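K.L.:
here is a sequence together with a model predicted from it:
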Amino acid sequence: MTDLVQNPKKDRKHIKLILGLLFDGIGLLSYTVPFLGEGIDVIWAPISGLLLAYMYKGTIGKVAGIFGFLEEIIPMLDFIPTFTITWVYTYIIKSDDKK
């Protein structure tokens, strides 16, 4: 507990992971509704893109937002976990580059 108080960025990192998994799950829900699924994606695609751009600032957020929008709007690409991939890139791959 004291680690979270001393390092609030670590807490935000875990919250972003949980939210990302939730949002990736929402993106997969379109597969559960036959024939209406792609229509749902038309609504979810811009929301997904905006959420990615909001959660991850700067170039990473912009690129992820565009990719997330395209992934949701193009049929049959919904299975790609864009939020989780962005989290892994931001907190694992990019942080390894800093070391």
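P.N.:
Structure's in. What do you need?

K.L.:
now the element after the longest helix seen in the chain, going C-ward?
P.N.:
In the chain, taking DSSP state H as the definition, the longest helix is helix 8-28. Using DSSP states H and E, the helix or strand that directly follows helix 8-28 along the chain is helix 37-55.

K.L.:
list the contacts of the following helix or strand past that next one.
P.N.:
Helices and strands here follow DSSP H and E; after helix 37-55, the next one along the chain is helix 58-73. Contacts to helix 58-73, defined as CB atoms under 8 Å, 6 or more residues apart in numbering, come from residues 27, 41-42, 44-46, 48-56, 77-78, 80, 82-83, 86, 89-90, 94. C-beta here means a position set from N, CA and C on the backbone, and glycine is covered the same way.

K.L.:
pLDDT weak spots in the chain?
P.N.:
1-10, 96-99 (pLDDT under 70).

K.L.:
can you rerun that using 80?
P.N.:
1-11, 30-31, 33-38, 95-99 (pLDDT under 80).

K.L.:
residue 12 versus the nearest residue to residue 87 once chain neighbours are set aside, what's the distance?
P.N.:
Nearest non-adjacent residue to residue 87, counting by CB to CB, 6 or more residues apart in numbering: residue 20, 4.9 Å away. Here residue 20 is placed at a distance of 12 Å from residue 12 (CB to CB, to the nearest Å).

K.L.:
find residues that contact each of these two.
P.N.:
In contact with both residue 20 and residue 12: no residue, using CB under 8 Å, 6+ apart.

K.L.:
the two: who's more crowded?
P.N.:
Ranked by neighbour count (other CB atoms under 10 Å), residue 20 and residue 12 place residue 20 first, with 23 against 11.

K.L.:
ok, residue 38 touching residue 30?
P.N.:
Yes. Counting by CB atoms under 8 Å, residue 38 does reach residue 30; the two are 6.8 Å apart.
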